[in-house]
Structures are given as C-alpha cells and as structure tokens.
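>>> Give me coordinates for this.
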Amino acid sequence: MTMIFVNLPTSDLDRSKEFYTALGCEINPLFTDENAASVVWSENVHFMVLTREYFATFTTKTVVDPRDSAQVLIALTRDSREHVDETLAAGLAAGGSEPREPQDYGFMYSRSLEDLDGNILEFLYMEPGAAEAGPEAYLADVE
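Predicted coordinates:
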C-alpha cells in the first residue's frame with residue numbers, strides 16, 4: 001500500500017491545524033508537536049504541516065513563501081460536485097481564499113482553495129466514466 005505525505009510550510013502552526021480540521025481533517029497527536037502537525041485526510045493521504053523553520057531543516061533549498069510563489073498544486077478528489085462546493089465553503093469560512101473561478105469541463109469540476117499560508121489545494125470531482133474511458137470518449141458518449 002502506498003501512502004502519501006505532503007509537507008507544507010506554515011507561519012502559524014495552531015492556525016493551520018484549525019484550518020485543516022475545519023475542512024474535515026483530523027490531527028494525529030502521535031506525530032504532532034510544537035514544530036509539526038500530522039493532518040489526516042484519509043487512511044493513505046496525510047499532510048505534515050511544518051513551521052517554516054522546521055521545514056527548512058529538510059532541504060538545502062530556499063523555502064519559498066507560498067503567498068508569492070507556487071511550488072506545487074495539490075489536487076484532492078471529492079465524492080461529488082456538491083462535496084467540492086461544501087469543502088470550499090468550509091475552507092472559505094475558516095479564512096481561506098479562492099484564487100480563481102470554478103473550472104467546469106463537463107467531465108470534471110474543480111475549485112481552488114488557498115490555505116492561510118497561500119498553499120493551493122484543488123478539490124475536484126471527475127465523472128467515473130471519464131476516469132475510466134478518458135475525457136474525449138466520455139464527452140463523445142454524453143453528446
């Protein structure tokens with residue numbers, strides 16, 4: 001089984017924990033201290049939200065400020081279009097921002113959310129038929 005651990009820098013660890021729990025995540029106390037918090041999305045997907053200083057100990061590269069530079073876009077699926085909208089509503093209520101308009105491609109619906117540090121999360125729903133056959137084949141069958 002493959003697990004995914006995404007490491008994100010934060011300028012305020014407590015504020016980040018509150019933000020991610022507002023999105024429905026849990027904080028795993030076994031891997032959380034004054035430097036980092038383990039944010040559990042699912043059994044196989046976790047974020048490690050790290051203070052900027054602690055994050056810097058894992059690399060010799062400059063740690064970018066996600067408010068000014070994009071280093072990665074993290075896309076997570078939701079169970080439906082409504083679930084995408086519900087997730088964004090929770091994130092916006094918790095202080096996040098939506099940096100662009102929703103994207104609706106017919107076979108896929110997505111919305112972007114910036115967390116409180118400017119890290120970009122994309123939440124999307126893809127029609128199961130499009131995931132199986134590819135977007136062109138799915139859209140050809142729908143039309």
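>>> Residue 98 reaches residue 111, doesn't it?
Yes: between residue 98 and residue 111 there is a contact under C-beta atoms under 8 Å: 6.6 Å. Backbone N, C-alpha and C define where each C-beta goes, glycine included.
>>> Provide a list of residues in contact with the spatially most central residue of the chain.
Central residue check for the chain by C-alpha atoms, centre = their mean: the C-alpha nearest the mean position is that of residue 121, 3.4 Å away. Contact partners of residue 121, counting by C-beta atoms under 8 Å, 6 or more residues apart in numbering, are 74-76, 91, 112-115.
>>> Determine the longest helix present in this structure.
When the chain is parsed with DSSP state H, its longest helix is helix 81-93.
>>> Now do that one: everything it contacts.
With C-beta under 8 Å, 6+ apart as the test, helix 81-93 has contacts from 19, 22-24, 78, 98, 109-111, 113, 115, 121, 123-125.
>>> Show me how far that helix is from its chain's centre.
Between the centre of helix 81-93 and the centre of its chain there are 12 Å (C-alpha atoms, centre = their mean, to the nearest Å).
>>> which element follows it toward the C-terminus?
As assigned by DSSP states H and E, the chain's next helix or strand after helix 81-93 is strand 103-104.
>>> Adjacent strands (with direction) for that following strand?
According to DSSP bridges, strand 103-104 has the following sheet partners: strand 108-114 (antiparallel).
>>> Residue 54 should be in a strand, yeah?
No: counting by DSSP: H, G, I helix; E, B strand; the rest coil, residue 54 is located in no strand; its state is helix.
>>> Show the model's pLDDT score for residue 142.
Confidence at residue 142, expressed as pLDDT, is 68.
>>> Same question for residue 102.
We have a pLDDT of 97 for residue 102.
>>> so what's it closest to, chain neighbours aside?
Nearest residue to residue 102, sequence neighbours excluded (C-beta to C-beta, 6 or more residues apart in numbering): residue 111, at 4.7 Å.
>>> Tell me the strands beside the helix or strand where the residue nearest to the centre of the chain lies, with direction?
If you go by DSSP H and E, residue 121 is part of strand 120-126. Strand 120-126 has its sheet partners listed here by DSSP bridges as strand 73-77 (parallel), strand 108-114 (antiparallel).
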